[in-house]
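Have a look at this fold, sequence not included:
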């Protein structure tokens with residue numbers, strides 16, 4: 001009986017640990033250039049399992065499929081739709097104003113810390 005309880009608790013502990021490992025957010029370091037010429041350097045933390053983007057202490061919902069991660073954000077009463085390609089790391093954003101939609105407002109690339117070359 002004791003060995004059954006021990007094995008059961010060991011398996012349960014392993015399952016809990018494996019779930020907490022996979023639930024950890026991933027950090028991406030992104031660089032790009034806005035249409036205005038301004039440079040972008042930002043760290044994005046994403047929890048793919050819970051489908052949230054974590055930036056500056058706030059969370060935003062993300063849509064995840066096999067190819068892209070998509071989210072919306074707002075700054076200075078202007079909305080942005082950002083798309084991160086999961087295969088290439090390419091980041092693009094569309095600026096959406098009430099009178100104007102500007103695709104490719106931002107172009108950049110995102111990488112994990114272990115992919116930084118030097």
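Happy to help now that I have it. Computed from a predicted structure; not experimentally measured.

Name every strand pairing with the lengthiest strand in the chain and say which way it goes.
Taking DSSP state E as the criterion, the chain has its longest strand at strand 101-112. Using DSSP bridges, strand 101-112 pairs in its sheet with strand 26-34 (antiparallel), strand 90-96 (antiparallel).

what separates it from the chain centre, distance-wise?
How far strand 101-112 lies from its chain's middle: 14 Å, per Cα atoms, centre = their mean, to the nearest Å.

Pull out the buried positions in that strand.
Neighbour-count burial for strand 101-112 flags 105-106, 108, 110 (criterion: 16 or more other Cβ atoms under 10 Å). C-beta here means a position set from N, CA and C on the backbone, and glycine is covered the same way.

who wins for proximity to residue 116 among the strands paired with strand 101-112?
Nearest to residue 116 among those is strand 26-34 (7.0 Å), distances taken as Cβ to Cβ.

Next secondary structure element downstream of that closest one?
Using DSSP states H and E, the helix or strand that follows strand 26-34 towards the C-terminus is strand 39-47.

Which strand residues bridge the residue nearest the centre of the chain?
For the chain, residue 46 is the residue whose C-alpha lies nearest the centre (Cα atoms, centre = their mean; 3.4 Å). For residue 46, the beta-bridge partners are residue 26, residue 53 (DSSP bridges).

give the contact list for it.
Contact analysis of residue 46 by Cβ atoms under 8 Å, 6 or more residues apart in numbering lists 25-26, 28, 52-54, 62, 69.

In PyMOL, how would I select the buried members of those residues?
In PyMOL syntax, the buried subset of those is picked out as below (16+ other Cβ under 10 Å):
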select buried, resi 28+52+53+54+62+69
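
and of the strands paired with strand 101-112, who's closest to residue 117?
Closest to residue 117 of the strands paired with strand 101-112, according to Cβ to Cβ: strand 26-34, at 11.8 Å.

the inter-axis angle of that closest one versus strand 39-47?
Note on geometry: by axes from the mean of the first three to the mean of the last three Cα atoms, to 10 degrees, strand 26-34 and strand 39-47 are set 150 degrees apart in direction.

Need the contact partners of strand 26-34.
Counting by Cβ under 8 Å, 6+ apart, 39-48, 84, 89, 91, 105-113, 116 sit against strand 26-34.
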